[in-house]
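*Asks:* Mind looking at a prediction? Sequence and model below.
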Amino acid sequence: MKDEVLEKYIRLLGNEEEPNRVGEMTEKELLLGRTLKRMREYRQISLEDMSEGICAPSDMTAMENGIKASLLMTAAYLTRMGKSVNKFEFYSTNLEYSQQCKRDHIVEVWKSNELEAAKGYLAEYERYFRSKFSRRWGDWQRRCIALRGGELPGENREVWEGLVRQKLYFTQEELDYLWELAGFYERTGEADRVHEVYALMYQNTMATGMFLPQNSKGMDEERKLEILPELCMAYGHFEHTHGRDENALQVLDTAVELLQKSMRMKLLRELLEERMQIRRELWETTGAERMYQGMGADAQNLIALDLVYGNIPKVYERTKWLREETKWESTILDSLYTALEKRSD
C-alpha cells in the first residue's frame, strides 16, 4: 500500500528535477516576494535583522524581488516573524518538497539519538543541495547533533550571545538548538544555565517589542500553539522543582489559557495537573486562599476532561477528593459524586 501511494504521488509531482509545482506558485513568485517585503517594511524590520541566522541579506533581497523565491527560505522568513507555516507541500516545487522531506528526516534521526546516521544523512544532503541557505541550516543541525551527543559546540558562546540579541522571533532551527542546549545543561547539572535557556525561549515567544506590536502583528496563535504547550510544561516543571513556584505558575497559566481559548487538548491535562500540584503544595504550606480556589478550579477542569474521555474511575477519585479533602461545595459535583458512588456499589 505504501509503495502504491508513493507511486501515485510521484506521478502527480513528476520527476524531482522538473520545476513542476503542486500548486500555482510559479506564477506568484514575484507577488510572494513583494508581499513578504511589505510585511517586513510595515514592521520596520531591517534586512540584516531578518536574515540573521537564515541567509545573507543579499539572498533575502533576491527573494523579495522574486528572483529566488525559495519556499524553504520563505518558511524561515515567516517563522522569524512569528507566523505559522502550513500546507507547505501544496505550494512547493518537487525539489523544494523533496528537500524539506530530507530535512525532516535528518531532524527525526538525530532526535532518535541515531547520531552517526544523522551525520551521514546531513553530509549527503549538503552534497546534493549546495547553497548558502542550506549551509546555514546544516550548521544548526551539526550543533544540535553535537549537543545531543554530549558535546558543547566550540562556537556556543557566540551563538548564545547572538540569540540573546535577537530582536525577532526564533526560527525552528534556533528553537531546536535551544531545546538541545537546555537538555545538555540539565544532564550536566547546570541548573542556572537551564533556567536561562528556558527563560530566553519563553521571553522570545511572548515578545511584542518595537518590531512586533501586539495588535495582531505579533506571533500568531498557530505558531504559539506549536511552541508554547511543550515549552511551558518543561519550563514550569523545572521552575517548580527548583523552588520558583510563582514563576512556574505564570508560565503554566500562559499555556493553559492559550489551549483553553483555542479549544485544543494537547498537553492540557498534563499542564493542569502540574499547575494543580503546585497550587496544592502552596496551599498546604501557606494557606493562601487564591491557591485553594485555583486548585479546586483545576480539579474541576480535570474532571471535565476525564468525563470527555470516559475515564470514570478518575472522575470519581477527583470528585471524592474535592468533596472530602478540600470541602469544595458544589451541587453539580455532589450529584456527580452520588451517582458515581452508587455506580461503584
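*Replies:* Yep, that arrived.

*Asks:* Whichever strand or helix holds residue 306 packs against which elements?
*Replies:* Using DSSP states H and E, the element containing residue 306 is helix 289-308. Counting contacts by 3 or more C-beta pairs under 8 Å, 6 or more residues apart in numbering; DSSP states H and E, helix 289-308 is packed against helix 268-286, helix 312-324, helix 331-344. For the C-beta atoms, the positions are set from N, CA and C on the backbone; glycine is no exception.

*Asks:* As CSV, could you dump the C-alpha coordinates of that helix?
*Replies:* Only the C-alpha atoms of helix 289-308 are listed here, as CSV (Å, rounded to 0.1, in the frame of the first residue of the first chain):
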residue,chain,number,x,y,z
GLU,A,289,-7.0,31.3,49.6
ARG,A,290,-6.2,32.0,45.9
MET,A,291,-4.2,28.8,45.8
TYR,A,292,-7.1,26.9,47.3
GLN,A,293,-9.6,28.4,44.8
GLY,A,294,-7.2,27.8,41.9
MET,A,295,-6.6,24.2,43.0
GLY,A,296,-10.3,23.5,43.0
ALA,A,297,-10.8,25.1,39.6
ASP,A,298,-8.1,23.0,38.1
ALA,A,299,-9.6,19.8,39.7
GLN,A,300,-13.0,20.7,38.1
ASN,A,301,-11.4,21.2,34.7
LEU,A,302,-9.6,17.9,35.0
ILE,A,303,-12.9,16.2,35.9
ALA,A,304,-14.5,17.7,32.8
LEU,A,305,-11.6,16.3,30.7
ASP,A,306,-11.9,12.9,32.3
LEU,A,307,-15.6,12.8,31.6
VAL,A,308,-15.0,13.7,27.9
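
*Asks:* related to what we said a few turns ago, deepest of the helices and strands packed on helix 289-308, which one?
*Replies:* helix 268-286 (a mean of 18; mean count of other C-beta atoms under 10 Å).

*Asks:* Show me what that one is in contact with.
*Replies:* 229, 232-233, 236-237, 240, 245, 248-249, 252-253, 255-256, 259-260, 288, 291-292, 294-295, 298-299, 301-302, 305 (C-beta atoms under 8 Å, 6 or more residues apart in numbering).

*Asks:* now do stretch 146-166
*Replies:* 52-53, 110-111, 113, 115, 142-143, 170, 174, 177-178, 180-181, 183-184, 187, 200, 204.

*Asks:* Can you get me a residue count around residue 64?
*Replies:* 23 (other C-beta atoms under 10 Å).

*Asks:* Ok, residue 247 next?
*Replies:* Neighbours around residue 247, by other C-beta under 10 Å: 18.

*Asks:* Within the helices and strands, which one has it?
*Replies:* helix 245-262.

*Asks:* If you count contacts, what does that helix end up packed against?
*Replies:* Using 3+ C-beta pairs under 8 Å, 6+ apart: helix 245-262 touches helix 191-206, helix 221-241, helix 268-286.
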